[in-house]
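1. quick one, structure for this:
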Amino acid sequence: MESNRQRKVAQIIQEDFAELFRKQASESKQSILVSVSDVKVTPDLSIAKIYLSIFPQEHRKAVMKEIEENKAQYRNFIGQKMAKQVRVIPNISFYLDTTLDDVEKLERELRGEGDNPIL
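-> Model (predicted):
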């Protein structure tokens, strides 16, 4: 169960990264959408798990690789934003959120358009 402090820190991180990725997308020549779907923070606020949805799907691996390579700069960015609100800046980990893909696949299967045979 999350504490109020965890929820507040997670919300701040989610809003700041959403704004950062929106700015990067508008400055980029490619049309790639990166959205922050969820942020989970450990009880001691030392680790933040950031879940990202990336569209279109064919760019996911390249975008995740680029984000992982720049993780130190992203932590520095969030450190500047949160410096006066927390004592320790959390270590960040990025994860690909595929829940929307799973829902879409399940809906296709239920319509009979997938690999499942119709009974």
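2. quick test: name the residue nearest the centre of the chain.
-> residue 52 (2.5 Å; C-alpha atoms, centre = their mean).
3. just checking, that residue touches residue 99?
-> No: assessed by C-beta atoms under 8 Å, residue 52 is found out of contact with residue 99, at 11.6 Å. C-beta coordinates here come from the backbone N, C-alpha and C atoms, glycine included.
4. now the helix or strand harbouring residue 75, how far from the chain's geometric center?
-> Element membership for residue 75 (DSSP states H and E) is helix 71-82. Centre-to-centre, helix 71-82 and its host chain are 15 Å apart (C-alpha atoms, centre = their mean, to the nearest Å).
5. give the buried residues for it.
-> For helix 71-82, burial by neighbour count (16 or more other C-beta atoms under 10 Å) applies to 74, 78, 81-82.
6. elements contacting it?
-> Judged by 3 or more C-beta pairs under 8 Å, 6 or more residues apart in numbering; DSSP states H and E, the packing partners of helix 71-82 are helix 4-27, strand 91-96.
7. cool, thanks, talk later.
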